[in-house]
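>>> Just the structure for this:
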Amino acid sequence: GEAVRRRVVWVQIDGVGDVSISSYGGDAASVGDGQGTGLTPLQAAFTPFTDGVARAGCSGLLDPVEPGLACGSDTAHLSMFGYDPRVHYRGRGAFESLGAGLKMRPGEIAFKSNFATIDEASGVVTQRRADRNFEREGPILCQYLDENGSLPTFPQHRI
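Predicted coordinates:
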């Protein structure tokens, strides 16, 4: 017989795991860390649409690659769409480049990086990603790298 083709809607909420925050209230019997110290941001959020989607479909947790193997979104997504990341994954940089529509040629290397903000007095990173204001700050930072982007140990290569 002929295989029946079915259409599905896949709603994947990635990266919403979080910790309890005491200012969000809650009680030990129902939420948070079991100590009564608060709700997670998702538990505290008003989510009628998301709740409706969850009630109408199937939901749960999964180990996308193999049980007990913690992985990032990139490898998890490959696995959920049927690609073994141990075979097909070539690094976050290549993954992000292809996702942005950039063509990579054999022999090229792509790196995934973030711009961060550091407190110069303490040396502490205060924001690990500067992409929240990237439209304003990104072009300035990228221009700096374009003009000054060589590594002292590899001067023949440009960032």
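>>> distance between the longest helix anywhere in the chain and the chain's centre?
Counting by DSSP state H, the longest helix found in the chain is helix 134-148. Relative to the mean C-alpha coordinate of its chain, helix 134-148 is positioned 22 Å out (CA atoms, centre = their mean, to the nearest Å).
>>> could you say what helices and strands that helix packs with?
Taking 3 or more CB pairs under 8 Å, 6 or more residues apart in numbering; DSSP states H and E as contact, there are no helices or strands that helix 134-148 lies on. (Glycine included, C-beta is placed from N, CA and C.)
>>> If we use 10 Å, what do you get?
In terms of contacts (3 or more CB pairs under 10 Å, 6 or more residues apart in numbering; DSSP states H and E), helix 134-148 is packed against strand 154-158.
>>> Show me what the strand it packs on is packed against.
For strand 154-158, the packing partners by 3+ CB pairs under 10 Å, 6+ apart are helix 134-148, strand 150-151.
>>> Just send these back as TSV, with mean pLDDT and mean neighbour count too.
As requested, the helices and strands packed on strand 154-158 are arranged in TSV below (pLDDT from 0 to 100; neighbours: other CB atoms under 10 Å):
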stretch	mean pLDDT	mean neighbour count
helix 134-148	81	11
strand 150-151	70	11
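>>> Much appreciated, bye for now.
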